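J.: okay, here's the prediction I keep looking at, along with the sequence it came from:
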Amino acid sequence: MDWFISLPNGHVTSFPQLTKLFRAQYIANRAPPSVSHDLFDVRQYQGESLKEFLHRFGAQVVRWNLKDERMMVHAFRKGIVSGPFSESLIRNQPKTFAEIRRRAVAHIAAEE
């Protein structure tokens, strides 16, 4: 609002011009678009359950519309906290994220 009020009277003569000025003023506040390698920044929090992490990681895969299965598998394995499930992923390496999801659901069910 302060920015809008600070514009000189008569400076804006059309809505398209106002739109252009507004975008120029606030473009820096826009979050940069996500790229596929950002998936490697998704890490399991200390105390976060496998179920919660799987859901959060999967939501990012859907949000970014990722298709590279090898990258998703690798990013998931890098992001998960060390434990029985992560060790099972090392022993028997999954080929797809769907396989990780299936194995994680079975692991979660066994724990519960």
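T.: Right, received. Where do you want to start?
J.: need the pLDDT of the most centrally placed residue in the chain.
T.: Against the mean C-alpha coordinate of the chain, by C-alpha atoms, centre = their mean, the closest residue is Q60 at 3.7 Å. Reported pLDDT at Q60 in the predicted model: 89.
J.: that one reaches H37, doesn't it?
T.: No: using C-beta atoms under 8 Å, Q60 makes no contact with H37, being 12.0 Å away. Any C-beta I mention is one placed from the backbone N, CA and C, and that applies to glycine too.
J.: show me the contacts for the residue nearest to the centre of the chain.
T.: By C-beta atoms under 8 Å, 6 or more residues apart in numbering, Q60 lies in contact with 38-39, 42.
J.: run the last query once more with 6 Å
T.: Neighbouring residues of Q60 by C-beta atoms under 6 Å, 6 or more residues apart in numbering: V42.
J.: from E112, how far off is it?
T.: 24 Å (C-beta to C-beta, to the nearest Å).
J.: got it, and R43?
T.: Counting by C-beta to C-beta - R43 and E112 are separated by 23 Å.
J.: point to the helix or strand of the protein where mean pLDDT is at its lowest.
T.: helix 2-6 (a mean of 79; mean pLDDT, DSSP states H and E).
J.: give me the low-pLDDT residue ranges for this structure?
T.: 29-36 (pLDDT under 70).
J.: any idea where the helices of the protein begin and end?
T.: Using DSSP state H, the helices of the chain run over 2-6, 15-26, 50-63, 69-79, 84-91, 97-111.
J.: distance from the chain centre to the longest one, please.
T.: This means helix 97-111. With C-alpha atoms, centre = their mean, to the nearest Å as the basis, helix 97-111 stands 20 Å off its chain's centre.
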